[in-house]
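Novice: Only the shape, not the letters, is given here:
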């Protein structure tokens, strides 16, 4: 069965990094696998249909970019069926960790299987374009279910939603990650309310982490995304030991498909100091994901 995709494929031939050489153990802490749909069908109620972008392509991408580790984040187009993610984790033999999506039907045996292959967190999508309605009650209940495994919680918001969830952040006992710098727009600058709140949250809460990913989503100017760099630097300045970076490959629902080599190079502007950059690429993900 051939599915008609509703979003474009990623750039298949990105350039290698030109501004620095990623260190050994460098990690792409936010990427996905889609399908292949004939083996791992997409969810019937998905908000978009992506092109197949599977394990082999992901490994080839990371080899080209000089990245030796990665965190696979379950994509909403697969819903709570984590089969594609689990298959990739098994095949990676310790090179990958994972963040799953679960629901009330996910049982103890399934959680144990996911933990064994490298899953270390669960994700919730609040963003409007994914047509999901996630409440704090559900997040807290499922976070409690995986607490004994030591997993974290990953949260994907639209920018204006973040300040509204102060109570959720206060009540979560596990470490939690805000995806894609909270999806704030670069045009709003450092003083926009959602970004001020995000920085204060990161500064005041030791359980809070932020991914300085998604530059192609936040930018107004487009490549090479220099307008996003001040936002990333401001977050890194607050808590360099709780910052992660990722490509977001294969870039679902972006206005313009990026070259992943540009995104790696941009990290030289986010973190000009090599020591800080290596902390973001190597030390922080190792601490959170416990690569085997």
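Specialist: Yep, that arrived. The structure presented is a predicted model; accordingly, all values stated were derived computationally and were not measured.

Novice: Low-confidence ranges, the stretch 101-250 of the chain, go.
Specialist: Applying pLDDT under 70 to the stretch 101-250 of the chain picks out residues 129-133.

Novice: quick one, strands of it?
Specialist: 119-125, 152-156, 176-178, 208-211, 243-244 (DSSP state E, counting those that start in this stretch).

Novice: ok now the helix or strand following the last one, how far from the chain's centre?
Specialist: Note on strand 243-244: by DSSP states H and E, the next helix or strand toward the C-terminus is helix 260-270. Mean C-alpha position of helix 260-270 versus that of the full chain (Cα atoms, centre = their mean, to the nearest Å) differs by 16 Å.

Novice: Tell me which residues of helix 260-270 come out buried.
Specialist: Neighbour-count burial for helix 260-270 flags 260-267, 269-270 (criterion: 16 or more other Cβ atoms under 10 Å). Where C-beta positions appear, they are placed from N, C-alpha and C, glycine not excepted.

Novice: Please report how far residue 142 lies from residue 128.
Specialist: 21 Å (Cβ to Cβ, to the nearest Å).

Novice: ok, those two, which is more surrounded?
Specialist: Neighbour count, other Cβ atoms under 10 Å: between residue 142 and residue 128, residue 142 has more, with 20 against 13.

Novice: Now do the same contact list for the more buried one.
Specialist: With contacts defined as Cβ atoms under 8 Å, 6 or more residues apart in numbering, residue 142 is in contact with 102-104, 122, 124.

Novice: Drop anything exposed from those.
Specialist: Buried among these by 16+ other Cβ under 10 Å: 102, 122, 124.

Novice: Any idea what the last one is bridged to?
Specialist: To tie it back to what came earlier, the one meant is residue 124. Beta-bridge partners for residue 124, by DSSP bridges, are residue 155.

Novice: Assess the claim that it and residue 156 are in contact.
Specialist: Yes. Between residue 124 and residue 156 there is a contact at 6.9 Å, judged by Cβ atoms under 8 Å.

Novice: Run a quick neighbour tally on residue 50.
Specialist: The number of residues packed near residue 50 is 25, by other Cβ under 10 Å.

Novice: Count the residues that sit near the nearest residue to it once chain neighbours are set aside.
Specialist: Spatial nearest neighbour of residue 50, chain neighbours left out: residue 34 (4.3 Å); criterion: Cβ to Cβ, 6 or more residues apart in numbering. By other Cβ under 10 Å, the residues close to residue 34 number 25.

Novice: ditto for residue 149
Specialist: Residue 149: 15 surrounding residues under other Cβ under 10 Å.

Novice: Quickly note the distance from the closest residue to it other than its chain neighbours to residue 290.
Specialist: Leaving aside its sequence neighbours, residue 149 sits nearest to residue 115 (Cβ to Cβ, 6+ apart; 5.2 Å). For residue 115, the distance to residue 290 (Cβ to Cβ) stands at 10 Å.
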